[in-house]
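[1] here is my input; please provide its structure:
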Amino acid sequence: MTTTVPPTSAASSAPVAPTPDTNAFNQFARLVRWELFLAWRRRGMVITLSSLLLVAYTIFVLIQFIVYQSMIMYNGAPGPSHGLTFPGSVGVSGSYVAHVGVLLFIVLTGALIGSEYSYNTLRLSFARGVGRGQLLGAQIVALALIAVAVCGVFIVLGLGTAFLSAISGVSGDSVAFSGAGLLQIFIYWLALAFNLFAYALISVCIGTLSRSVAGAIAGPLVFIVVEVIASGILLGLGGPYSSPTLHTLGQVPYYFLGANMSALESYAGRTSYIIETSTANISLTHALLVSLAYVVVFIGLSYVALRRRDIVE
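    Predicted structure coming up:
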């Protein structure tokens, strides 16, 4: 007698909804996997945002290459090639993901965090006995892993751009690889991921407070706009001939999240290789401590909001 084995459905490989476990580490790992699964369930949005990011980056690189070749054709001398050769290509891809990528990452984070309220997945998890702190921690770790993956892709794209430029005959200030340089690239990668992660925490915080996708997306975008406008105004007030009060106000932007994240990227990009051409106006210790303070505040506010309110809708 032949026994027919039923086909395994695609859904059978999906993680089950969060449930309590006597082993805290196993439970937390399962919660992180669940959050990553929820992100994958929104793969339509992930693919769309990733495609926009990659297409725009490709167009930007092509424009650089066209300018380089056009200068040779019309002037007999090569055009600027820093963004096409190593290590400048890594800096260009890093700056791109730090500015454009962070906006799309905020959209993705807002959709993930806000939708957990819309689809009642949080209520399901809490009803099964999962701790709120554990669930928030899993969300944070999952976002950190996604940020590391996104920035890793763009580090590889930067290296790929340099490789294609080399075989295409692009000449410039390219340098050779070294062990210290590879370590620097790794640190630069982490600095970029930290940038995306920190702004994603704003989305987590506001999304938890507002319990909506709109709030989780719009809040961080407004934060960035206000930060940019306020920085320009306050830095203008703190000129060399300003009064002591205005000079003090001019120092405020150095405590904004964006300024300190940019400083961390600049320090990470200016050791063995000159990946980042910009220089920081604040110390490494200042940038690291202020950035970590923002992270702690955003996580703390998110935890308090999630801990003190009922999830009834």
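[2] what's the following helix or strand after whatever helix or strand L201 lives in?
    Following DSSP states H and E, the helix or strand that holds L201 is helix 179-210. Sequence-wise, the next helix or strand beyond helix 179-210 is helix 213-237, with elements assigned using DSSP H and E.
[3] what are the contacting residues of that next one?
    Judged by Cβ atoms under 8 Å, 6 or more residues apart in numbering, the contacts made with helix 213-237 from elsewhere in the structure are 102-103, 106-107, 109-111, 113-115, 118, 199-200, 202-207, 209-210, 246, 249-250, 252-253, 256-259. Where C-beta positions appear, they are placed from N, C-alpha and C, glycine not excepted.
[4] any buried residues in the helix or strand following it, and which?
    Of the helices and strands lying after helix 213-237 in sequence (DSSP H and E), the nearest is helix 244-250. Going by neighbour count (16 or more other Cβ atoms under 10 Å), the buried part of helix 244-250 is L249, G250.
[5] check the spatially most central residue of the chain and give its pLDDT.
    Among the residues of the chain, L196 comes closest to the average C-alpha position under Cα atoms, centre = their mean, at 1.9 Å. pLDDT, L196: 97.
[6] now restrict the contacts of helix 213-237 to buried residues only.
    Taking 16+ other Cβ under 10 Å as the criterion, what is buried in those is 102, 106-107, 109-111, 113-115, 199-200, 202-207, 209-210, 249-250, 252-253, 256-259.
[7] all helices for the stretch 1-150 of the chain, in order.
    Taking DSSP state H, counting those that start in this stretch as the criterion, the stretch 1-150 of the chain contains helices spanning 24-41, 43-75, 88-96, 102-118, 121-127, 132-167.
[8] quick one, the first one and helix 102-118 angle?
    Calculated by axes from the mean of the first three to the mean of the last three Cα atoms, to 10 degrees, helix 24-41 forms an angle of 110 degrees with helix 102-118.
[9] re the thing from before, which residues are in contact with the residue nearest to the residue nearest to the centre of the chain when sequence neighbours are not counted?
    When the adjacent residues along the chain are set aside, L196 lies closest to A147, with 4.0 Å between them (Cβ to Cβ, 6 or more residues apart in numbering). For A147, the residues meeting the contact criterion (Cβ under 8 Å, 6+ apart) are F105, A193, F194, L196, F197, A200.
[10] and the closest residue in space to the fifth one that isn't next to it in sequence, how far from N26?
    Leaving aside its chain neighbours, F197 sits nearest to A147 (4.5 Å; criterion: Cβ to Cβ, 6+ apart). A147 is 24 Å from N26, where distance means Cβ to Cβ, to the nearest Å.
[11] can you list the weak-confidence ranges in the stretch 1-150 of the chain?
    Per-residue confidence for the stretch 1-150 of the chain (pLDDT under 70) gives these ranges: 1-22, 76-79, 118-121, 127.
[12] repeat that for 90
    The stretch 1-150 of the chain contains residues with pLDDT under 90 at 1-27, 30, 34-35, 37-49, 67-88, 112-132.
[13] before we move on, what about the stretch 201-313 of the chain?
    Scanning the stretch 201-313 of the chain for pLDDT under 90 picks out 210-212, 232, 234-251, 270-274, 276-281, 306-313.
[14] one more time with 50
    Low-confidence regions of the stretch 201-313 of the chain, defined here as pLDDT under 50, cover residues 312-313.
[15] my read: L49 touches V107, true?
    Yes - taking contacts as Cβ atoms under 8 Å, L49 lies within contact range of V107: 6.5 Å.
[16] if I pick A142, what's in contact with it?
    In this structure, A142 makes contact with V32, E35, L36, A39, judged by Cβ under 8 Å, 6+ apart.
[17] what's the closest of those residues to L289?
    L289 has its nearest neighbour among the contacts of A142 in V32, at 27.5 Å by Cβ to Cβ.
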